[in-house]
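[1] What follows is a predicted protein model with its sequence.
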Amino acid sequence: VAKLWERASVALGFAIERERRVAYNEERTETLSTGIPSDGKYLVPPTTTFSRSVAEDARLAQLSSQRWKEREAILHPVLAKIYRDPDGALSALNALASDAAIEPRKLAEDLGLAPDRLGRLRGSELVVDGRAARDERTAATVALSELLPLARAHATEFRRNAERFGIREQQRRAHMALSVPALSKTAMARLVEIEAVRERGGDDAYRTAFAFAVEDRLLVQEVKAVNEALTARFGWSAFTAKADVIAERNIAERMPEDLAPERREKLTRLFAVIRRFAEEQHLAERQDRSKIVAGASVELGKGTFAVLPMLAAVTEFKTTVDEEARERALAAPHYAHHRAALVETATRVWRDPADAIGKIEDLIVKGFAAERIAAAVTNDPAAYGALRGSDRIMDKLLAAGRERKGALQAVPEAASRIRSLGASYASALDAETRSITEERRRMAVAIPGLSPAAEDALKRLAAQIKNKDGKLDVAAGSLDPHIAREFAKVSRALDERFGRNAILRGETDVINRVSPAQR
């Protein structure tokens, strides 16, 4: 489709002679860049001041989360039985449940004593209002007993997730402090031109136009720098076809709050164009390493590029802490030891010991007390599987009868093994939960990147140490104070993420605090 590149007057430096049956639409091309200033410093400026506190934004984020909406859906029908305005009652309950100063137990007690705190109740207690109104008030009072445990659980869940949403809000603000640099007028015009080619000629025409465009290395450097800034601020999948629900949420949360809808839409389209160009360049570099172009790391005009972190923070995980802790607890060595002991005893009690142990283990993992499970096994071992041998009178003196007698005699030992297994699982689960929580807290710490000047100083420092036989203090004394502060900042972040001096000690478990995608 794209054959000749001749018109020098076009900002791209060349134009595409299209097939005659395809009409070129100038309006569509102009709308992409209209309203997006190309002479400023930023496409998206850094945001460092916020109208609300971290705690308040974290509270609002939790109130708008999907889990909170699900609990609201459970509460609303119950509130409709009690209050004349269930929507208003739900809003009032949300305000009380999300108040950190009110204990969940105290909230439930206060609602039990004064349910009208959430609004006017249905019906009436007055005789003059009739029997129907009194019956409605009675039904509302009965439904109140159903509301109280739900309200307490609602407030408890808010407190349980408050720390997680607080960390997420801090991470959001850290990402919003990163800017997305502006493109030059030339780069903007070229992107608009080849995007118009894609819309009119399809992917094949786009690849052809792209092949001509990447001959301009400055264009590629600018686009890659903006692409890296987009990744740092919004995440790697934002504005791409791979964007999922989490990526869309990050885009919505990390855009400036005062951004007009029209400008937001234009920026979204522009960022999608930049992502598409960067992805095409990435594929080209993978196929031919000679085409690798480094992103711009110097000032272009008056714009500055944000220094990307060496190791990004990880705040979202595929599995919850509880799920991962259960998996690790089941794989703990001491748990495996107690399980093997139970297996040995179970082979003398049940015909199918694997099935019986599976049932017992399921109960332990679900949180049932080991003492209760052991008591149930002692009272009725046959409930967990067929016992070995036979209890028929005619078999008592035979091998089957003796086997049944031995199975019953082994039941107390099996109960003891179950208690040990439950205690081992509980201790392993508690230890792993604390360990995973600490790991994820550390993984939320980003390792900041070094400026180009600091990277050059680091190379010179390494060379000086090598030449001066390891005299680090002499070499470090010549560092610029600003660069020394950068090194200290990175060192503190490394200590906070991996543990004090963990890198120097060569600890092997530090890899656990790096996501698989970043290893």
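    Nice, I can see it. Numbers count the residues shown, from 1 in each chain.

[2] Y206: neighbour count?
    Y206 sits with 23 neighbouring residues when counted by other CB atoms under 10 Å. Bear in mind the C-beta positions are built from the backbone N, C-alpha and C, glycine included.

[3] Please disregard the earlier target; I meant E262.
    10.

[4] separation between it and T268?
    Distance of E262 to T268, given as CB to CB, to the nearest Å: 11 Å.

[5] quick one, helices of the stretch 151-300 of the chain?
    Using DSSP state H, counting those that start in this stretch, the helices of the stretch 151-300 of the chain run over residues 185-213, 217-234, 245-254, 261-287.

[6] Confidence-wise, which helix or strand of the chain is lowest on average?
    When the helices and strands of the chain are compared on mean pLDDT, DSSP states H and E, helix 26-33 comes out lowest with a mean of 47.

[7] Just after it, pick out the following helix or strand.
    Sequence order places strand 42-44 as the next helix or strand after helix 26-33, per DSSP states H and E.

[8] Tell me how far A278 lies from L90.
    45 Å.

[9] Show the contacting residues for the residue nearest the centre of the chain.
    The chain has E316 as the residue nearest its centroid, 1.7 Å off, counting by CA atoms, centre = their mean. Contacts of E316 were listed using CB atoms under 8 Å, 6 or more residues apart in numbering, and they are I246.

[10] Out of the helices of the stretch 151-300 of the chain, the one nearest F368 is which?
    With CB to CB as the criterion, F368 lies closest to helix 245-254 of those, at 34.2 Å.

[11] what comes up buried for the closest one?
    Across helix 245-254, burial judged by 16 or more other CB atoms under 10 Å covers A247, R249, N250, I251, E253, R254.

[12] was I right about the last one contacting L178?
    No: counting by CB atoms under 8 Å, L178 is not a contact partner of R254; they are 9.0 Å apart.

[13] what is in contact with the two at once?
    Contacts common to R254 and L178, judged by CB under 8 Å, 6+ apart, are R233.

[14] What number of residues are in the vicinity of D216?
    Around D216 there are 15 residues (other CB under 10 Å).

[15] Next one, pLDDT for it please.
    We have a pLDDT of 83 for D216.

[16] right, and it touches R190 too?
    Yes: using CB under 8 Å, D216 is in contact with R190, at 7.2 Å.

[17] And T433, how far from R152?
    Distance, T433 to R152, using CB to CB: 23 Å.

[18] er, T345 actually
    In terms of CB to CB, T345 sits 42 Å off from R152.

[19] that older thread, rebuild the buried residues of helix 245-254 as TSV, extending it with distance to R326.
    Shown next, in TSV, are these (distance: CB to CB, whole Å):
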residue	distance to R326
A247	28
R249	27
N250	28
I251	33
E253	31
R254	33
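
[20] got TSV for the residues you listed, with pLDDT and distance to F498 too?
    As requested, the buried residues of helix 245-254 are arranged in TSV below (pLDDT from 0 to 100; distance: CB to CB, whole Å):
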residue	pLDDT	distance to F498
A247	87	28
R249	88	29
N250	88	25
I251	90	30
E253	88	28
R254	89	27
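
[21] Report the contact partners of R500.
    By CB under 8 Å, 6+ apart, the contact list for R500 is empty.

[22] tell me the secondary structure for it?
    Three-state assignment for R500 (DSSP: H, G, I helix; E, B strand; the rest coil): coil.

[23] What residues sit buried inside stretch 486-506?
    Those would be E486, F487, V490, A493, L494, R497, F498, G499, A502, for stretch 486-506 by 16+ other CB under 10 Å.

[24] Mind picking the two most distant members of those residues?
    E486 and G499 (21.3 Å).

[25] I'd like the distance between G235 and A243.
    From G235 to A243 the distance is 9 Å (CB to CB).

[26] Then A229?
    Distance from A229 to A243, by CB to CB: 17 Å.

[27] Equivalent analysis for R190, please.
    25 Å.

[28] for A356, same thing?
    From A356 to A243 the distance is 48 Å (CB to CB).

[29] repeat for L148
    On the measure of CB to CB, L148 and A243 end up 42 Å apart.

[30] rewinding a little: which of A356 and A243 has more residues huddled nearby?
    Between A356 and A243, counting by other CB under 10 Å, A356 is the more crowded of the two (24 against 19).

[31] Surely that one touches T345?
    No: at 10.5 Å, A356 does not count as touching T345 under the criterion of CB under 8 Å.

[32] Relative to I194, how far out is D203?
    12 Å.

[33] what about these two, which has more around it?
    I194 (26 against 11).

[34] What's the local residue count around the residue lying closest to the more buried one once chain neighbours are set aside?
    Distance criterion CB to CB, 6 or more residues apart in numbering; nearest residue to I194, sequence neighbours excluded, is A209 at 4.2 Å. A209 has 24 neighbours, counted by other CB under 10 Å.

[35] same deal with the one 5 residues further on?
    A count of nearby residues for V214, using other CB under 10 Å, gives 19.

[36] Low-confidence stretches in this protein?
    Low-confidence segments of the chain (pLDDT under 70): 1-40, 290, 293-308, 395-397, 468-478, 515-519.

[37] Domains in it, by residue range?
    As recorded under automatic domain parsing, the domains making up the chain are 26-47+179-291, 54-175, 321-443, 452-518.

[38] Of the ones you listed, which is nearest P309?
    domain 26-47+179-291 (6.9 Å).

[39] now the closest one: how far from the chain's centre is it?
    Per CA atoms, centre = their mean, to the nearest Å, the displacement of domain 26-47+179-291 from the mean C-alpha position of its chain is 25 Å.

[40] Let me see the ranges of the helices in the stretch 351-500 of the chain.
    353-365, 370-379, 399-443, 452-467, 472-476, 481-498.

[41] Just tell me which of those helices ends up closest to R131.
    helix 370-379 (47.7 Å).

[42] what helices or strands is that closest one leaning on?
    helix 353-365, helix 399-443 (3 or more CB pairs under 8 Å, 6 or more residues apart in numbering; DSSP states H and E).

[43] run the last query once more with 6 Å
    Applying 3 or more CB pairs under 6 Å, 6 or more residues apart in numbering; DSSP states H and E, we find helix 370-379 packed against helix 399-443.

[44] so how far is the helix it packs on from its chain's centroid?
    Between the centre of helix 399-443 and the centre of its chain there are 32 Å (CA atoms, centre = their mean).

[45] List just the nearest of the buried residues of stretch 486-506 to E109.
    Using CB to CB, those come closest to E109 at R497, 42.9 Å.

[46] Hmm, the closest one is touching R442, no?
    Yes: with contact defined as CB atoms under 6 Å, R497 counts as touching R442 (5.0 Å).

[47] Overlap of the contact sets of these two?
    Shared between the contact lists of R497 and R442 (criterion: CB atoms under 6 Å, 6 or more residues apart in numbering) are residues R513.
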